[in-house]
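K.L.:
dropping a prediction and its sequence here:
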Amino acid sequence: MRPFGSVRPVWRSVLRFGVPDTDLRIFFHERCFDGATTAALFGHFYRSTRGQNAVIDYWGMAHSDGDPFENVPWGAEVNACVDFRYSADPRMHWWFDHHQSAFQPSELREHFDATLSATKFYDPHARSCALFAHQVMTQRLGFVLEDSMGHWEEVLSWADRIDGAVFDSARQLVELDAPALRFMTWLRSNRDRDKMAKTIEMIGRHSLAEIENQPWVAEQLPGLLQTHHHSVAIIRERIEVRGPVAIYDLADDNIEVHSGFAAYLHEPTALYSIGLVYSARGARISVGCNPWAETPGTRNIAEICERYGGGGHPKVGGISVPAGQLARAREIVAEVAAELAA
Ligand SMILES: [Mn+2]
């Protein structure tokens, strides 16, 4: 016999939008350790109230000019967005973010403030979305995160260190000498949605060492680490210094994923770095403040990136430029470098 209670939500949704395609869809900041961790945490939180069998679909989001939610699937019964921009769409039911550039266009901030939603949370001072969401869930929403193995503690603290760029040295990031840093490298390059989903489902249930040893991660890691070390060497070759800014242009080097922190290994006195990579998917400009500088730079990186349709945090941000516009991307690099040097 089917319990009557389980029929009701479906019946309600049929009247409104047709049959939901899944119980919950989590939109999350793609290829990002913090984004994946927060998605896993929200999934856990949701299942704690809706049942362990709730089906969750994970949908990675990337910053872009215009509305990044324009063509996303809204067909889930419940939609949540974590570690990514705000959407005023009424079909977005939950939201957690800490990006300074969460409201684009800025009028969305008024929508958020006026809505007074009990399921949407924002703190631009939080170092990571994962720890912020954990705090909200446990302190305000009555959620108890069972963590007898300490796996959540491990992944949450790493999400906070990675998003906050709290590392011992540039060398640690270049050598990737911890499971979390190798897993981060895998997350940044993975484009397979199924692999991403099953990996996110493992976060918090397994240690990061166990996750990095899963066959679909382990088989890709040697190649990724080789590419990583290659990119560190190429950055050393390409780097040029303009005042307080270290610039590396990898557009002709067929490198997509790299660690911008390598710039500070090569140029420890630089206050800022700007990197450019280019592929068939377009150009990606990474901008950052050197966290190890004696007197760190004070320019707000997110604010500068927002002017070019990008975003991020006060200390690190990015700008995407569509494919075929490499000249424009290089122009932006020069403009941002000039502004940071001014
Ligand atoms: Mn984040």
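P.N.:
That came through fine.

K.L.:
okay, CA-based contacts and neighbour counts for the rest of this
P.N.:
Fine.

K.L.:
could you report the pLDDT at residue 166?
P.N.:
Predicted confidence (pLDDT) at residue 166: the value is 88.

K.L.:
that one and residue 213, how far apart?
P.N.:
Using CA to CA, to the nearest Å, residue 166 is found at 25 Å from residue 213.

K.L.:
what's the answer for residue 122, then?
P.N.:
Relative to residue 213, residue 122 is positioned 34 Å away (CA to CA).

K.L.:
among these two, which residue is more densely surrounded?
P.N.:
It is residue 122, of residue 122 and residue 213, that has more neighbours when counted by other CA atoms under 10 Å, with 20 against 15.

K.L.:
list the contacts of the closest residue to that one other than its chain neighbours.
P.N.:
The shortest distance from residue 122 to any non-neighbouring residue, by CA to CA, 6 or more residues apart in numbering, is to residue 97 (5.1 Å). Contact analysis of residue 97 by CA atoms under 8 Å, 6 or more residues apart in numbering lists 82, 83, 84, 85, 86, 121, 122, 123, 124, 129.

K.L.:
7 Å instead, please
P.N.:
Shown in contact with residue 97 (CA atoms under 7 Å, 6 or more residues apart in numbering): 82, 83, 84, 121, 122, 123, 129.

K.L.:
for the fourth one, helix, strand, or coil?
P.N.:
It stands for residue 121. With DSSP: H, G, I helix; E, B strand; the rest coil as the basis, residue 121 sits in strand.

K.L.:
thought residue 275 was touching residue 249?
P.N.:
Yes: counting by CA atoms under 7 Å, residue 275 touches residue 249, with 5.8 Å between them.

K.L.:
among these two, which residue is more densely surrounded?
P.N.:
Each of residue 275 and residue 249 has its neighbours counted (other CA under 10 Å); residue 275 has more, 24 against 20.

K.L.:
quick one: that one from residue 248, how far?
P.N.:
For residue 275, the distance to residue 248 - CA to CA - is 5 Å.

K.L.:
before we move on, back to that, let's see if you can find the most crowded of the contacts of residue 97.
P.N.:
residue 82 leads the contacts of residue 97 on contacts (other CA under 10 Å) with 31 neighbours.

K.L.:
what pLDDT does it get?
P.N.:
The model's pLDDT for residue 82 equals 98.

K.L.:
who touches it in this structure?
P.N.:
27, 28, 29, 35, 38, 39, 95, 96, 97.

K.L.:
pull out the buried residues from these.
P.N.:
Listed as buried from the contacts of residue 82 are 27, 28, 29, 35, 38, 39, 95, 96, 97; burial here means 16 or more other CA atoms under 10 Å.

K.L.:
can you give me phi and psi for the third one?
P.N.:
Backbone geometry at residue 29, expressed as degrees, to the nearest 10, gives phi -60, psi 110.

K.L.:
tell me the residues of this structure that contact the ion?
P.N.:
Proximity of the chain to the ion (CA under 5 Å from the ion) is limited to residues 34, 83, 128, 129.

K.L.:
ok, so of the buried ones among the contacts of residue 82, who is nearest the ion?
P.N.:
Using CA to the ion, the shortest approach to the ion within those belongs to residue 35, at 5.7 Å.

K.L.:
okay, and that closest one sits in which element?
P.N.:
Here residue 35 is covered by helix 33-50, with elements defined by DSSP states H and E.

K.L.:
ok so, going back, could you save the buried ones among the contacts of residue 82 as CSV and add columns showing pLDDT and distance to residue 103?
P.N.:
As requested, those are exported to CSV (pLDDT from 0 to 100; distance: CA to CA, whole Å):
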residue, pLDDT, distance to residue 103
27, 98, 16
28, 98, 15
29, 95, 15
35, 98, 17
38, 98, 19
39, 98, 20
95, 98, 12
96, 98, 12
97, 98, 10
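
K.L.:
tabulate those residues (CSV), appending distance to residue 200.
P.N.:
Below are these laid out as CSV (distance: CA to CA, whole Å):
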residue, distance to residue 200
27, 12
28, 11
29, 12
35, 10
38, 9
39, 7
95, 18
96, 17
97, 18
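
K.L.:
understood, closing this out.
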